[in-house]
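A.B. asks: I need the structure of the sequence given here:
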Amino acid sequence: MALRSRERLSDLRPRNGILVLHTLHWPEEIRDPGDLSSPAPTTDRELEIAELLMTEMAGVDISELHDDYAQALNLLVDTLAAGRTATPPLEPQPPVDLMAALEQSVRDARRVRNDGQDG
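C.D. replies: As a prediction, this is how the structure comes out:
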């Protein structure tokens, strides 16, 4: 999804009859929490929920995703640092039909689930 002219990795899920969108971080945006981590132990319930989330997210290959904004920004910085003139940005891609993408995602998930049950 795009937020403030920047692509953001996100997770869209149905919940109680509405769609809930969670923005996620790109791997290079994740920092070591250092001393901010909780001294409280992780509960069994928290581990169960984490495992459930990982099971639901199976099939998402983060290596196939990329941060176009960060790549363009790094290219701009490198170009300007080398003393060259930056080229104007490309025209933005047309917006994705969210409903069509959701419908395709549901069809793909059903197909994968049905293929797994046949074998």
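
A.B. asks: what ranges do the strands span in this protein?
C.D. replies: 2-3, 6-7, 10-15, 18-23 (DSSP state E).

A.B. asks: neighbouring strands for the first one, and are they parallel or not?
C.D. replies: Neighbouring strands of strand 2-3 in its sheet, by DSSP bridges, are strand 6-7 (antiparallel).

A.B. asks: contacting residues around the strand it pairs with?
C.D. replies: Applying C-beta atoms under 8 Å, 6 or more residues apart in numbering, the contact partners of strand 6-7 are 1, 67-69. No exception for glycine: its C-beta is placed from N, CA and C like everyone else's.

A.B. asks: ok, now with 10 Å
C.D. replies: 1, 26, 65-70, 72-73, 93 (C-beta atoms under 10 Å, 6 or more residues apart in numbering).

A.B. asks: What distance do you get for residue 60 to residue 25?
C.D. replies: 14 Å (C-beta to C-beta, to the nearest Å).

A.B. asks: what does residue 90 give?
C.D. replies: Distance from residue 90 to residue 25, by C-beta to C-beta: 25 Å.

A.B. asks: between those two, which one's more packed in?
C.D. replies: residue 25 (11 against 7; other C-beta atoms under 10 Å).

A.B. asks: show me what contacts that one?
C.D. replies: 8-9, 31, 67.

A.B. asks: again with residue 69
C.D. replies: Per C-beta under 10 Å, 6+ apart, neighbours of residue 69: 2, 5-8, 26.

A.B. asks: one more time with 7 Å, if that's ok
C.D. replies: Applying C-beta atoms under 7 Å, 6 or more residues apart in numbering, we find residue 69 in contact with 6-7.

A.B. asks: Look up how far residue 50 lies from the spatially most distant residue from the centre of the chain.
C.D. replies: Most distant from the centre of the chain: residue 83, at 34.1 Å, with distances by C-alpha atoms, centre = their mean. Here the criterion is C-beta to C-beta. By it, residue 83 lies 49 Å from residue 50.
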